[in-house]
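*Asks:* can't give you the sequence, but here's the structure:
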């Protein structure tokens, strides 16, 4: 039987990894106890260490086991019947299923009641809007607001989901997967309600213009997702060969994504794309993008995913397209950050290297953002925390660019109070916190990394997984 330290997972020994008992009763190795990153607190229960780390007593029972080579008290290990073990696992799983359902069913009923109340309120709004529109038309006044028309379209989509007859589902977990393609019957209402709830949460996206087949092999034709990739051969001294790209009809056919866009003339190519009704949903830029190019991007109404880097110290950029669902933005200006708060369908957001004045954001009125990645230096930490708080009601995963100590990168991205700061943000739905490390500074301080993760874990609910992106170590091992 091997005894291991719960922090560094090294086997206890009689030297550097000698087991030490803390006043609170927890045990860790001598190496981890003496690590200054521990902050003179127990990483498990966060109680202060009253004694000096060097004066902590040994764990006598662990020492005796080490001296006896870890021999257990029972000399003959008991052999379990494989069928008994499988049934026991089944009983344990069944208990967890029952407990999970007891928690989930009331929450599901509550969520469906909220959905019903919301639909009733939207019905009343649309009835009033219809009556007012009829009166305005009779008097020659202007039409309805875009918000009312958007609500009408959403209700039409909801009706389609509640009356759909075809559904395909793929579920994957820990190497296992389940797949079903079914014809929905009158008894499948619970699945239709789930689809409606997923759409309300922003996790079920509508894809326009793509035919749906009743079988996986029913579609015959060119790829539904065409990608136009800009290569080095498409550039001459920094100028994009727009005419040559357009003449290559096969490259422009059915494009839904443009990747690696760069060079002088990028705005011209995007104007051609917009004028020919090419339904581009994804746009990746390579390198910094000038404001004149973003003026064209702003008018691309089909765009859903955008990845680009702004020029530093430029505040003449236009607002970003409000219909975006995924956005990666490097070196944003203040106006661009403000426009992010006006995106009702935004689900994934990555903000890197903001250098402007610190900003304060109001709580999001949409509550649709599920994933947020941030990279801010300590000077702009107030802006980072304000952005996190603004989306705290909906965030499920948070990625933070953070160093292990103040030695890395001269401490420019070291956030020693991150745990306390996040605990004060009210992240009620957070499931996972990921610490993103500099790729050119490998995470070699494994012990320091684990202590940092453990300290963060002490400030967050037990349901939140805390991991390092570089070494993929988890405090839930």
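*Replies:* The structure has been received and is ready for your questions. Just so it is clear, the model here is predicted, and its values are computed rather than measured.

*Asks:* use CA for all of it now, contacts and neighbours both
*Replies:* Fine.

*Asks:* OK, contacts around residue 26?
*Replies:* Taking C-alpha atoms under 8 Å, 6 or more residues apart in numbering, we find residue 26 in contact with 42, 44.

*Asks:* what's the spacing between it and residue 378?
*Replies:* 34 Å (C-alpha to C-alpha, to the nearest Å).

*Asks:* helix or strand right after the helix or strand containing residue 99?
*Replies:* Taking DSSP states H and E as the definition, residue 99 sits inside helix 82-139. Counting by DSSP H and E, the next helix or strand C-terminal to helix 82-139 is helix 146-163.

*Asks:* got any ranges where the stretch 51-200 of the chain has weak pLDDT?
*Replies:* Across the stretch 51-200 of the chain, the ranges flagged by pLDDT under 70 are 51, 69-80, 140-146, 170-188.

*Asks:* on contacts alone, who are the packing partners of the helix holding residue 99?
*Replies:* When contacts are defined as 3 or more C-alpha pairs under 8 Å, 6 or more residues apart in numbering; DSSP states H and E, helix 82-139 sits against helix 146-163, helix 189-200.

*Asks:* my read: residue 295 touches residue 321, true?
*Replies:* No: at 9.8 Å, residue 295 does not count as touching residue 321 under the criterion of C-alpha atoms under 8 Å.

*Asks:* buried ones in the one helix or strand residue 63 maps to?
*Replies:* Per DSSP H and E, residue 63 falls inside helix 60-67. Going by neighbour count (16 or more other C-alpha atoms under 10 Å), the buried part of helix 60-67 is 62-63, 65-66.

*Asks:* show me what contacts residue 241?
*Replies:* By C-alpha under 8 Å, 6+ apart, the residues touching residue 241 are 234-235, 265.

*Asks:* I misspoke; the intended subject was residue 273.
*Replies:* Neighbours of residue 273 in contact, by C-alpha under 8 Å, 6+ apart: residue 280.

*Asks:* can you name the helix or strand that it falls in?
*Replies:* Secondary structure assignment for residue 273, by DSSP H and E: helix 266-275.

*Asks:* quick one: buried residues of that helix?
*Replies:* 266-267, 269-271, 273-274.

*Asks:* show me the residue at the heart of this protein, geometrically.
*Replies:* For the chain, residue 371 is the residue whose C-alpha lies nearest the centre (C-alpha atoms, centre = their mean; 2.5 Å).

*Asks:* pretty sure that residue is touching residue 392, no?
*Replies:* No: using C-alpha under 8 Å, residue 371 is not in contact with residue 392, being 10.6 Å away.

*Asks:* just to revisit the earlier point, and the helices and strands packed on helix 82-139, which is most packed in?
*Replies:* Mean neighbour count (mean count of other C-alpha atoms under 10 Å) peaks for helix 189-200 among the helices and strands packed on helix 82-139, with a mean of 16.

*Asks:* so which elements touch it?
*Replies:* helix 82-139, helix 146-163.

*Asks:* in a markdown table: those, plus distance to residue 426.
*Replies:* Formatted as a markdown table, these follow (distance: least, C-alpha to C-alpha, whole Å):
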| stretch | distance to residue 426 |
| --- | --- |
| helix 82-139 | 20 |
| helix 146-163 | 29 |
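
*Asks:* which of those helices sits closest to residue 245?
*Replies:* Residue 245 lies closest to helix 146-163 among those, at 36.2 Å (C-alpha to C-alpha).

*Asks:* for that closest one, what is the distance to the chain centroid?
*Replies:* 27 Å (C-alpha atoms, centre = their mean, to the nearest Å).

*Asks:* and for stretch 259-277?
*Replies:* 29 Å.

*Asks:* what about that stretch, average pLDDT?
*Replies:* Average pLDDT, stretch 259-277: 90.

*Asks:* start to end distance for it?
*Replies:* 18 Å.

*Asks:* again, but for stretch 356-373
*Replies:* Stretch 356-373 has an end-to-end distance of 18 Å (C-alpha to C-alpha).

*Asks:* now swap in stretch 379-396 and tell me
*Replies:* Distance across stretch 379-396, first residue to last, is 26 Å (C-alpha to C-alpha).
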